[in-house]
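Engineer: Sequence first, then the predicted structure, then my questions.
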Amino acid sequence: MSSNEVLQGLKVRITIDEDGTPNPPKLPDGTIVRSLVGKDNQTYHMVRLDHPVISIRVETGMEWTLEDLVITPHFKGVSMETIRSHKDFVHLAIANVLRRVEPDDPILDFSKVAYFALGTIRRS
């Protein structure tokens with residue numbers, strides 16, 4: 001079993017530290033549902049939040065829904081496996097899924113997501 005498969009199904013809590021607004025939204029817990037490889041050869045993980053959150057997209061000033069997020073460690077050389085311990089966390093770059101990412105597609109198409117925040121993730 002690969003390290004990415006080990007994280008699949010893990011309940012997590014993502015905290016948005018910076019999204020360009022004065023009060024970033026608070027997110028419910030979520031579940032890591034899969035990993036994907038970006039065209040940059042980085043590993044990304046998709047997290048499905050337990051329920052959707054409406055927030056303001058800074059780039060447009062319009063409301064959007066956060067439900068499926070794509071995350072990757074913000075710092076190079078950091079492993080997402082760190083969060084398997086309840087006491088550890090990882091700094092993240094966070095993107096919102098704009099268009100459906102096919103479940104059988106192992107490659108992340110960056111045109112289907114929008115980077116919007118920095119934050120942290122830890123095991124729930």
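Structural biologist: Great, that's in hand.
Engineer: Parallel or antiparallel, which strands does the host helix or strand of residue 15 pair with?
Structural biologist: Assigned by DSSP states H and E, residue 15 belongs to strand 11-18. Strand 11-18 has the following strand partners under DSSP bridges: strand 30-38 (antiparallel), strand 113-123 (antiparallel).
Engineer: Including mean neighbour count and distance to residue 14, could those strands go into TSV?
Structural biologist: No exception for glycine: its C-beta is placed from N, CA and C like everyone else's. Below are the strands paired with strand 11-18 laid out as TSV (neighbours: other CB atoms under 10 Å; distance: least, CB to CB, whole Å):
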stretch	mean neighbour count	distance to residue 14
strand 30-38	18	6
strand 113-123	19	5
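Engineer: closest to residue 63 out of these?
Structural biologist: The stretch from the strands paired with strand 11-18 with the least distance to residue 63 (CB to CB) is strand 113-123; that distance is 13.0 Å.
Engineer: what sits up against that closest one?
Structural biologist: For strand 113-123, contacts defined as CB atoms under 8 Å, 6 or more residues apart in numbering pick out 10-20, 24, 47, 57-59, 70-71, 74, 80, 83-86, 88-98, 101.
Engineer: which non-adjacent residue is nearest the residue nearest the centre of the chain?
Structural biologist: Nearest to the geometric centre of the chain sits residue 71, at 3.0 Å (CA atoms, centre = their mean). Excluding the flanking residues, the one nearest residue 71 by CB to CB, 6 or more residues apart in numbering is residue 92, at 4.8 Å.
Engineer: For the one you found, list the residues it contacts.
Structural biologist: Residue 92 sits in contact with 14, 71-74, 118-121, where contact means CB under 8 Å, 6+ apart.
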